[in-house]
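Peer 1: here are the coordinates; sequence isn't available:
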């Protein structure tokens, strides 16, 4: 029987044990199939969730840094669901940043546009019955998009770029980051290929949510 390794209390970490704010708690080298990056972990003590930034090069003090603000999507990012384009967007952004030699992807734990994983699957069930992504959220009692970008703005400020070029098709992200003091110079469009499974999803984002697809 293998011996259980016990971590001394002084080495353990929990976001919930700290005072309410956002800060970097660890970083490490991260080789990926898109290139080699540095990963930073952030502690958001307001909700106790852990968030990360995947960074290429030294972006502190730099201008016009390509940056992707990506919301967590377990079904798409990890499992490869074709109902959305989240994984394609994440991979496109990482490849683009690697090709430029500098940039960052913020991976923020706001599953299902902020409604959480269980409610997202409940919304999927309603979409199976004919509702679109916006109608499903509203049917469950949520707005079409419940995400809050204050946390992301604080993460960007901690990473320290002087200004960014945001990789997004969602103009609301640009407006929100500017509202919280981030200097967004321009938008870098995301280019992903629609599938037979996500065409209606993308159309609803374009028509009802103003995404520039």
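Peer 2: Okay, I see it. Just so you know, these numbers come straight off a predicted model, no measurement behind them.
Peer 1: can we go C-alpha only for contacts and neighbour counts from here?
Peer 2: Will do.
Peer 1: what distance separates the longest helix along the chain from the middle of the whole chain?
Peer 2: Across the chain, the helix with the greatest residue count (assigned by DSSP state H) is helix 86-100. Here helix 86-100 is found 12 Å from its chain centre; the criterion is C-alpha atoms, centre = their mean, to the nearest Å.
Peer 1: buried stuff in that helix?
Peer 2: Neighbour counts over helix 86-100 (16 or more other C-alpha atoms under 10 Å) mark 86-90, 92-94, 96-98 as buried.
Peer 1: who touches that helix?
Peer 2: 34-35, 56, 66, 68, 70, 73, 76-78, 80, 103-105, 167, 190-192 (C-alpha atoms under 8 Å, 6 or more residues apart in numbering).
Peer 1: For the residue lying closest to residue 142 once chain neighbours are set aside, report the pLDDT, please.
Peer 2: Leaving out its chain neighbours, the residue that sits closest to residue 142 by C-alpha to C-alpha, 6 or more residues apart in numbering is residue 115, at 7.4 Å. For residue 115, the model assigns a pLDDT of 92.
Peer 1: hmm, who's touching the helix or strand following the longest helix of the chain?
Peer 2: Downstream of helix 86-100, the next assigned helix or strand under DSSP states H and E is strand 103-108. Here strand 103-108 makes contact (C-alpha under 8 Å, 6+ apart) with 51-57, 59, 65-72, 93-94, 97, 152.
Peer 1: same check, this time on stretch 32-49
Peer 2: 15-31, 50-57, 91, 94-95, 98, 109, 151, 155.
Peer 1: Could you do stretch 60-69 as well?
Peer 2: So stretch 60-69 is in contact with 59, 93, 97, 102-108, 152, 159-168, 184-185, 188, going by C-alpha under 8 Å, 6+ apart.
Peer 1: and if we set it to 6 Å?
Peer 2: 103-106, 160-167 (C-alpha atoms under 6 Å, 6 or more residues apart in numbering).
Peer 1: Report the buried residues of that stretch.
Peer 2: 63-69.
Peer 1: Check the contacts of helix 86-100 for burial and list the buried ones.
Peer 2: For the contacts of helix 86-100, a burial check counting by 16+ other C-alpha under 10 Å picks out 56, 66, 68, 70, 73, 76-77, 103-105, 167, 190.
Peer 1: So which of those sits lowest on pLDDT?
Peer 2: Ranking the buried ones among the contacts of helix 86-100 by pLDDT puts residue 190 at the bottom, with 91.
Peer 1: Compute the inter-axis angle for the helix or strand where residue 26 lies and helix 86-100.
Peer 2: Assessed by DSSP H and E, residue 26 sits inside strand 22-32. Strand 22-32 runs at 80 degrees relative to helix 86-100, counting by axes from the mean of the first three to the mean of the last three C-alpha atoms, to 10 degrees.
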